[in-house]
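**Student:** Provided below are the primary sequence and the corresponding predicted coordinates.
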Number of protein chains: 2
Amino acid sequence: MKKKHAITPTREEDFPLWYQEVVKEADLAEHSPVRGCMVIKPWGYGIWENIHRILDQKIKESGHSNVYFPLFIPVSYFEKEAQHIAGFAKECAVVTHHRLESKEGKLIPAAPLEEPLIVRPTSEMIVGDSFSRWVESYRDLPLKINQWANIVRWEMRTRPFLRTTEFLWQEGHTVHASEKEAQEHALFILELYKNFCRDDLAMPVLVGKKTEGEKFPGAVTTYALEAMMGDKKALQAGTSHFLGQNFAKACNIRFTDEKGSLEYGWTTSWGVTTRLIGALVMMHGDDDGLVLPPKIAPKHLVIMPIIRNLEDQKNILQFCHTLKDLVKEEKFQGRNIEIVIDDRDKRGGEKKWQWIKKGIPLWLEIGQRELDEKKGQLFRRDLLGEKGTFIDLFAIKEEMIKALNDMQKKLLHHAEKFLHDNICSIENRDDFYRFFQSEKTSGFAKGFYVEDPVTEEMIKNDLNVTVRSIPLEQNSQEGRCIFSKRPSKMQAIFAKAY
Amino acid sequence: MKKKHAITPTREEDFPLWYQEVVKEADLAEHSPVRGCMVIKPWGYGIWENIHRILDQKIKESGHSNVYFPLFIPVSYFEKEAQHIAGFAKECAVVTHHRLESKEGKLIPAAPLEEPLIVRPTSEMIVGDSFSRWVESYRDLPLKINQWANIVRWEMRTRPFLRTTEFLWQEGHTVHASEKEAQEHALFILELYKNFCRDDLAMPVLVGKKTEGEKFPGAVTTYALEAMMGDKKALQAGTSHFLGQNFAKACNIRFTDEKGSLEYGWTTSWGVTTRLIGALVMMHGDDDGLVLPPKIAPKHLVIMPIIRNLEDQKNILQFCHTLKDLVKEEKFQGRNIEIVIDDRDKRGGEKKWQWIKKGIPLWLEIGQRELDEKKGQLFRRDLLGEKGTFIDLFAIKEEMIKALNDMQKKLLHHAEKFLHDNICSIENRDDFYRFFQSEKTSGFAKGFYVEDPVTEEMIKNDLNVTVRSIPLEQNSQEGRCIFSKRPSKMQAIFAKAY
């Protein structure tokens, strides 16, 4: 007998379509009339607000100040760094006019700008312009800022959260007095992101360096986080760039050092985006919809009153509110516990499944019996199908915190095991091709590698596989490159990716 | 003898230039290479973050959910509401291309869009498009959402915070089942804004209706908050619009009511912007710079170590940190008390004046004597020039909270008195002209009025004066219109404005 699921198709049947359905059924976002742009709905935006809140605190605690830079960047500013502009020119939204005029009943652009403006695809050049004024002496360094902003990159194929024309992100920019300090800062942020993903999103990530072909346009080194999605494909979850002096030279960021000589600064930039929401869906989601780590779930628990006859209604509803009041002002992991009472005039089953699909961590059904006995069953989203835990309802606070902590931990363990189980060591080219030629994605391949653009082109064309990451921690073993058989001490991670 | 001030010119000498200087000296923002856009620096953005945090909570507590809508709006969407497009067409940034290509060494826009996109000057039309899908039945109503976003309006004359091509704001949008409910909601938000301005920004505002000529393009009624700046000019600090069914009809927002018939919804929209930061400068600032209400100051207190010889340095710095630790995790008005220790290698006087110009509410200087006696002088920004209060330094927490509360209250009282003292009742046209023809702005004029576009045109041209507000609370008196002498029960507020 076929098991029934709330999401059609299942992950097994069609993962990309399953993803689209979860985004829709969990009410995270919808397509907008603007090509490739999405409307982020309350439940999706609630997740982003939690990501924002937690990450913002970590960024501030490590000495960065928030700022806001203009949305528009003059084309001439963009041209100053050759690789940078080459990397972004193909996907820039360009503002060319500043007025609309009616002509034969149609509104057409009027008042052309002297110089076209790019809608920021990233802010290095406009931030660099200010940095060139803000930095004078070594005493002004390090300079560490961050902004939360919207970004536009004209993508040809878009998917909600994963790749959209407009997305939201956080972008940090720093200037340092030495190469070493800037390098270390780029790695410090990589570690900060990694811990955030693990501790808050229950998302294990591999951290490493990108190859030359995959790095940020204008960077010396790009570090990235790679996560494994439910279909065993890789998703880049964040990046941290060591920019060397490239942007300092392009933007003229110079400082007088302690000896009095004028030097270019060393810069970094780094960001994570609303893509993380897509990653959460594809890492923790199941065939019944979204599963959210409690730390970033917009709500922690829904109470659904079960009303069989109207006489009981008042007492039951009142009891629901009493329960909600019991956790008022109480915190789970630094945030107020958020309970919602769903007393909408809808069938109980329909309501329950709406919440399941949304990935609410916990739920309680409160009817006459629960009111009489002051006991109820606490259900957990990650243990769907299992019986709930019978709890003393007046201990709701303690029971919730216990369940939420356990769920947060279990989701991480589950994801860590999945990642670990699906990294395969590969030694030669034939095995590599066999591994990636199977119909279903097989996971990540790990093996010795000597960087070579021709190889990367080949596996991209043949298998749609890329070097995802050159792990920062390499053991001291030596082996032979999967492809060239040349000796190498460096192992790399290969995968199909989003 | 002329008194010396930190800001040149003084407010008296040249208010607009004084404003620009305070924005610069308080390090709030700087001009960017993009015409009319600004870079909001850490101290300015810190104020915005506090505005955001406090207002966001109030908006959520009143049942609104945060969302995010696309930055771009297709021109065809904008055309649907005739007055709306007429109001915004002249100041729209228009995206016409989605690529840059190199031609003869220059980057030029390539890949024209089939339909140009407007960078949102406000989001009614794109929100309305989603609302038309989200609203089906009276059960879906009221629908109440809010977003924090950036906005672009191509202004010809710009001034930091007050009028910029790009600004940040919060925009709320709601749909209701009845005219009455939507009307009431627009007024509810007006009240929410008013209380926020008074209680958090120490900013008294007059609330009222706009005349036909001053209302939002497409609105039935625009309500607004008007504040009096230090030069006695008016500044519109926020608006709340009752949109009737205009946008529901343009966007096809319809619902089935309880009787089963299909009706258009009734909508509202409302917002406040980074302009509030400019308002704070011009309301509370003095000739020594910014003065910030403690509730929205990015930091509450700066401790400046006074080190006369290097032997003492370690002990004094340690003591500063001890003091800071004494208030760690302590709250003022729901927010952690924020203390900064300024141990930069700079002259004490220079440091102190930097903080004064930034409007830090409180400061302490800690030297050997303070360390020995465990007593110090707590200085208050609003009482500059007066002696500080001698406090027991181990009671720093209580003393700070007392001082901050008192300062918050005093700033409001001072502003309320200033507003009250500078509203003049005017009965006839001659007095009206005399009042506004004086060289310095004289304040707000209040008097009976019968709405008339010709009069409004006249006083605008002759005096640069507009009807700022038709107060919601009118006494039952009857009088004669200042201009037409026709009988009227309605009084209006007139002023020169930003």
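**Tutor:** Arrived safely.
**Student:** On the three-state scheme, the residue in the stretch 301-450 of chain A that chain B sits nearest to is what?
**Tutor:** For the stretch 301-450 of chain A and chain B, the shortest gap (C-beta to the nearest C-beta) falls at residue A:345, measuring 7.0 Å. The way it works is simple: take the backbone N, C-alpha and C, and place the C-beta from them, glycine included. Under DSSP: H, G, I helix; E, B strand; the rest coil, the three-state class of residue A:345 is coil.
**Student:** Quick one: residues contacting residue A:37.
**Tutor:** Counting by C-beta atoms under 8 Å, 6 or more residues apart in numbering or on different chains, residue A:37 touches A:164, A:165, A:166, B:70, B:71, B:72.
**Student:** Dump those residues to a markdown table, plus secondary structure, pLDDT and distance to residue B:482.
**Tutor:** Converted to a markdown table, those look like this (DSSP: H, G, I helix; E, B strand; the rest coil; pLDDT from 0 to 100; distance: C-beta to C-beta, whole Å):
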| residue | secondary structure | pLDDT | distance to residue B:482 |
| --- | --- | --- | --- |
| A:164 | coil | 96 | 55 |
| A:165 | coil | 96 | 53 |
| A:166 | strand | 97 | 50 |
| B:70 | coil | 98 | 46 |
| B:71 | coil | 98 | 44 |
| B:72 | strand | 97 | 46 |
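**Student:** for the residues you listed, which one is nearest residue B:498?
**Tutor:** residue B:71 (26.6 Å; C-beta to C-beta).
**Student:** Count the residues that sit near the closest one.
**Tutor:** Number of residues near residue B:71 (other C-beta atoms under 10 Å in any protein chain shown) recorded here: 26.
**Student:** where's it relative to chain A, distance?
**Tutor:** Note on residue B:71: its distance to chain A, by C-beta to the nearest C-beta, to the nearest Å, is 5 Å.
**Student:** Quick one: classify the nearest residue to the residue of the stretch 301-450 of chain A closest to chain B once chain neighbours are set aside as helix, strand or coil.
**Tutor:** For residue A:345, ignoring the flanking residues on the chain, the nearest one in space by C-beta to C-beta, 6 or more residues apart in numbering or on different chains is residue B:139 at 7.0 Å. Here residue B:139 is recorded as helix under three-state DSSP.
**Student:** I'd like the distance between residue B:139 and residue A:344.
**Tutor:** Distance, residue B:139 to residue A:344, using C-beta to C-beta, to the nearest Å: 8 Å.
**Student:** Could you do residue A:69 as well?
**Tutor:** To residue A:344, residue A:69 is 43 Å away according to C-beta to C-beta.
**Student:** same question, residue A:283
**Tutor:** Where residue A:344 is concerned, residue A:283 sits at a distance of 30 Å (C-beta to C-beta).
**Student:** Counting neighbours, go ahead and name the busier of these two.
**Tutor:** Between residue A:283 and residue A:344, residue A:283 has the larger neighbour count (other C-beta under 10 Å), namely 27 against 11.
**Student:** ok now stretch A:241-260, how far from the chain's centre?
**Tutor:** 30 Å (C-alpha atoms, centre = their mean, to the nearest Å).
**Student:** Please read the previous query as pertaining to stretch A:88-104.
**Tutor:** Centroid separation between stretch A:88-104 and its chain, computed with C-alpha atoms, centre = their mean, is 30 Å.
**Student:** wait, what's in contact with residue A:64?
**Tutor:** So residue A:64 contacts A:144, A:145, A:146, A:172, A:174 (C-beta under 8 Å, 6+ apart).
**Student:** give me the beta-bridge partners of the last one?
**Tutor:** Per DSSP bridges, the residues bridged to residue A:174 are residue A:144, residue A:268.
**Student:** contacting residues for the residue in the stretch 151-300 of chain A that chain B sits nearest to?
**Tutor:** In the stretch 151-300 of chain A, the residue that lies nearest chain B is residue A:154 (4.1 Å; C-beta to the nearest C-beta). Listed by C-beta under 8 Å, 6+ apart, the contact set of residue A:154 reads A:36, A:90, A:91, A:92, A:93, A:165, B:98, B:99.
**Student:** Below-threshold pLDDT in chain A: ranges please.
**Tutor:** For chain A, the stretches flagged by pLDDT under 70 are A:1-3.
**Student:** Show me the residue sitting in the middle of it in space.
**Tutor:** By C-alpha atoms, centre = their mean, chain A has its centre lying nearest to residue A:276, at 1.5 Å.
**Student:** and that one, that's in a strand?
**Tutor:** No - counting by three-state DSSP, residue A:276 is not found in a strand; it is helix.
**Student:** Correct me if wrong: it contacts residue A:51.
**Tutor:** Yes - the pair residue A:276 / residue A:51 is scored as a contact, 6.0 Å apart, by C-beta atoms under 8 Å.
**Student:** What is the neighbour count of residue A:240?
**Tutor:** By other C-beta under 10 Å, 28 other residues sit near residue A:240.
**Student:** ok and the helix or strand hosting residue A:59 relative to helix B:42-61, angle-wise?
**Tutor:** Element membership for residue A:59 (DSSP states H and E) is helix A:42-61. Orientation check (axes from the mean of the first three to the mean of the last three C-alpha atoms, to 10 degrees): helix A:42-61 against helix B:42-61 gives 150 degrees.
**Student:** Helix A:42-61: what's the following helix or strand?
**Tutor:** Sequence order places strand A:65-66 as the next helix or strand after helix A:42-61, per DSSP H and E.
**Student:** Listing partners with orientation, what would you give for that following strand?
**Tutor:** Next to strand A:65-66 in the sheet, as set by DSSP bridges, lie strand A:143-152 (parallel).
**Student:** now the strand it pairs with: how far from the chain's centre is it?
**Tutor:** Worked out by C-alpha atoms, centre = their mean, strand A:143-152 lies 16 Å from the chain centre.
**Student:** neighbouring contacts of it?
**Tutor:** A:52, A:56, A:59, A:62-69, A:71, A:92-93, A:119-123, A:127, A:131, A:134-135, A:165-175, A:273, B:42, B:71, B:149-150.
**Student:** List only buried entries from those residues.
**Tutor:** Taking 16 or more other C-beta atoms under 10 Å in any protein chain shown as the criterion, what is buried in those is A:56, A:59, A:64-69, A:71, A:92-93, A:119-123, A:127, A:131, A:134-135, A:165-175, A:273, B:42, B:71, B:149-150.
**Student:** about what we covered before: in strands, which of the contacts of residue A:154 fall?
**Tutor:** B:98, B:99 (DSSP state E).
**Student:** could I get the contacts of residue A:154 as a markdown table with distance to residue B:245?
**Tutor:** As requested, those are arranged in a markdown table below (distance: C-beta to C-beta, whole Å):
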| residue | distance to residue B:245 |
| --- | --- |
| A:36 | 32 |
| A:90 | 44 |
| A:91 | 40 |
| A:92 | 40 |
| A:93 | 34 |
| A:165 | 32 |
| B:98 | 36 |
| B:99 | 41 |
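**Student:** residue ranges of the helices in the stretch 351-498 of chain A, please?
**Tutor:** Ranges of helices in the stretch 351-498 of chain A, per DSSP state H, counting those that start in this stretch, are A:368-373, A:396-421, A:429-437, A:453-463.
**Student:** Show the contacting residues for residue A:481.
**Tutor:** Under the criterion of C-beta under 8 Å, 6+ apart, the contact list for residue A:481 reads A:448, A:449, A:450, A:487, A:488.
**Student:** Identify the farthest-apart pair in these.
**Tutor:** A:449 and A:487 (11.3 Å).
**Student:** neighbour-wise, which of these two wins?
**Tutor:** Neighbour tally, residue A:449 and residue A:487, criterion other C-beta under 10 Å: the higher count belongs to residue A:449, 24 against 11.
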